[in-house]
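Student: coords please:
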Amino acid sequence: MRQSFDETTHPSFGARHLPRVRAKMAEQGLDGLLVPHEDEHQNEYLPEANDRLAWLTGFTGSAGAGAVLTDRAAVFADGRYTVQVRAQVDAALFDILSLENNGLAAWLETAPKGSVIGYDPRLHSPDALAALQHAARKAGAVLKPVEANPVDLAWGDDRPPQPTAPVVPHDDRYSGETSAAKRARIGEAIRDVGADAAVLTAPSSIAWLFNIRGGDVIRTPLPLSQAIVRADGTARLFLDPRKVTNTLPAWLGDAVGLETPEALPQAIDALSGQAVLIDPGQSPAWYFDRLEAAGATVVRGQDPCTLPRACKNPVEIEGSRQAHIRDGAALSRFLHWVDTTAQQTLPTEREIAEKLESFREATGALQDLSFDTIAGAGPNGALPHYKPVGDKIRRIEQGSLLLVDGGGQYLDGTTDVTRTMAVGEPTADQRRMFTLVLKGHIAMAVVRFPEGVTGHQLDALARLPLWMAGLDYDHGTGHGVGSYLGVHEGPQRIAKAPNSQPLLTGMILSNEPGYYREGHWGIRIETLQVVTEPTAIPGGERPMHGFEQLTFAPLDRKLIDVALLTADERAYVDAYHAETLAKVGPLLDGEAKAWLEAACAPL
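Tutor: Model (predicted):
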């Protein structure tokens, strides 16, 4: 389970692979090709066999895109991967551009007039494809679906095999609801939109619905598969037979038919004359084309598992509580190490990330990391989602800050937490900035809000202390988190960007404001919290939701400027630390426990 880092650049990737792809493009009469990061399941993290962008360019980030023309090519990455993409991609072969602000679509608008640009309909959702088609039309170019992907053809026999990790039951003591009960609920949702069936292509939805987990995707326990669910709650699950364990058929029951992926096209054709629900934001365009060709009525709507999966039941919430206490003990051992040993040895970012993972592994319950650990020392901490790469790896230094963001996958929950720590004695400026971030973090932790409020409406609360100082951060304040599933889960989020999804009871979100001083250091404080049921406030007129804290790990008291906190904010920090000591302390002993007691002392 040891974490790997991409330490080397890959200039030879483009030099070797780009000509092969262009040759296959020419055989199909294409002047260009779109190469998204996403695979057939629109996954964030990919099995090696589906990481076409990495094979073509060398870029291994979890968000990006590529585009190839006969005379030029480009790679697009978002702000999380600014350092990594330049370390891994040959800038002589690829223009390195931003994915943000419609980067790929804007680039398409510059395509040569009359050019024919291929795309694989299995890799693009209709919603994503619509913006690209609009951009191509503005350029006078044409987007053409391909039957055989030129990247796959060029990859040929060197392409790794598709993953065949065993698919195993996820016990009801973790899921809190049987698959039969879930399928009955989803069947009712299918009927409510006037459909006869739904096609599911998101592995997270399939894992949730059938109470199964897999190992096809790093950092997320997903079984790559597809399903057709009928309004009566029966289903067909299309799964590679090599993944089927002896216990799986009995676990699924007689109402779920197990079939091979090769049977899927014919199964879709058999939906002719029926109304079929499918999500245009999550499912590839190929399914829509096939359903329409088969004579089915396509009902475009949200994947019916999305909201039920996001709203955790009491068993899942309790599991998340326990996972976070266990993870909090591992993190507290790590923070003790940073505050003592590491202050003297000044380890590298890689050593820091491996140390944190070793503490999580020592719990005996860790199934995987929930994402590659972010360990940013000094200036690297100013890159919000920095990943230690090649010669960019630094040692921590006295007088600077260390930002560490990591999480674990446990059978009972998924964790994600960020702590920023001082190395040596912090400056007054560092303490001020940390405290401004903390004030925003506290505001988001204690807020109460009525039904119907979205994360977009709350986002400014976390930013206000920074805004009042003329400062801000360029990432979202909170993302949804799954239950032993994806560390990034929709539809809920807290961000500047408009989002129409109200925050509902049981949704788990991160609370992670930050501040980043380019070239110097970065600060982020992140905990996970769950939306509580609406309750009355004394003297109030409407019931209000709130947040229950799930993450418990101490904040660096050296970085808190108490004079900048209000009495209520100081009381919150003291109460949070008291609860951390009460919940995590019993799992520690010796020096680590003594350290935690001091770290959680009242301000």
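Student: correct me, but residue 131 touches residue 107?
Tutor: No: the pair residue 131 / residue 107 is not scored as a contact, 12.0 Å apart, by C-beta atoms under 8 Å. In short, each C-beta sits where N, CA and C put it, glycine included.
Student: these two: who's more crowded?
Tutor: Shown here are residue 131 and residue 107; by other C-beta atoms under 10 Å, residue 107 has more neighbours (19 against 13).
Student: the more buried one - that's part of a helix, no?
Tutor: Yes: assessed with DSSP: H, G, I helix; E, B strand; the rest coil, residue 107 lies in a helix.
Student: that one and residue 250: what is the separation?
Tutor: Separation of residue 107 from residue 250 (C-beta to C-beta, to the nearest Å) stands at 51 Å.
Student: and residue 251, what does it touch?
Tutor: 169, 211-212 (C-beta atoms under 8 Å, 6 or more residues apart in numbering).
Student: go again using 7 Å as the cut-off
Tutor: residue 169 (C-beta atoms under 7 Å, 6 or more residues apart in numbering).
Student: for it, what is the enclosing helix or strand?
Tutor: Counting by DSSP states H and E, the element that carries residue 251 is helix 248-252.
Student: now for the residue nearest the centre of the chain: which residues touch it?
Tutor: Nearest residue to the geometric centre of the chain (C-alpha atoms, centre = their mean): residue 488, 2.8 Å. Residues counted as contacts of residue 488 (C-beta under 7 Å, 6+ apart) are 44, 479.
Student: per-residue pLDDT, it?
Tutor: Note for residue 488: predicted pLDDT of 95.
Student: secondary structure class of the residue lying farthest from the centre of the chain, three-state.
Tutor: Distance from the C-alpha centroid of the chain peaks at residue 539, with 39.9 Å (C-alpha atoms, centre = their mean). Under three-state DSSP, the three-state class of residue 539 is coil.
Student: so how far is residue 301 from the residue nearest to the centre of the chain?
Tutor: On the measure of C-beta to C-beta, residue 488 and residue 301 end up 22 Å apart.
Student: ok, residue 197 next?
Tutor: Distance from residue 197 to residue 301, by C-beta to C-beta: 13 Å.
Student: the two: which is more packed in?
Tutor: More crowded of residue 197 and residue 301, by other C-beta under 10 Å: residue 197, with 24 against 18.
Student: residue contacts, the spatially closest residue to the more buried one that is not a sequence neighbour?
Tutor: Counting by C-beta to C-beta, 6 or more residues apart in numbering, residue 230 is the residue found nearest to residue 197 once chain neighbours are left out, at 4.8 Å. Contact analysis of residue 230 by C-beta under 7 Å, 6+ apart lists 187, 196-197.
Student: which of those residues fall in strands?
Tutor: residue 197 (DSSP state E).
Student: save the contacts of residue 230 as TSV, and put in pLDDT too.
Tutor: Below are these laid out as TSV (pLDDT from 0 to 100):
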residue	pLDDT
187	98
196	98
197	98
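Student: quick check, nearest of the contacts of residue 230 to residue 412?
Tutor: residue 187 (27.6 Å; C-beta to C-beta).
Student: go ahead and confirm that closest one touches residue 234.
Tutor: No: Residue 187 lies out of contact with residue 234 (C-beta atoms under 7 Å); the separation is 8.1 Å.
Student: more crowded one of those two?
Tutor: residue 187 (20 against 16).
Student: and for the more buried one, nearest residue in space, chain neighbours not counted?
Tutor: Here the residue nearest residue 187, using C-beta to C-beta, 6+ apart, is residue 233, at 4.0 Å.
Student: could you measure from the one you found over to residue 170?
Tutor: Taken as C-beta to C-beta, the span from residue 233 to residue 170 is 19 Å.
Student: more neighbours: which of those two?
Tutor: Neighbours per residue (other C-beta under 10 Å) separate residue 233 from residue 170, with residue 170 holding more: 22 against 19.
Student: check that one and give its pLDDT.
Tutor: 98.
Student: looking at it, it is touching residue 214, isn't it?
Tutor: No: taking contacts as C-beta under 7 Å, residue 170 lies outside contact range of residue 214: 9.8 Å.
Student: end-to-end on stretch 264-273?
Tutor: 17 Å (C-alpha to C-alpha, to the nearest Å).
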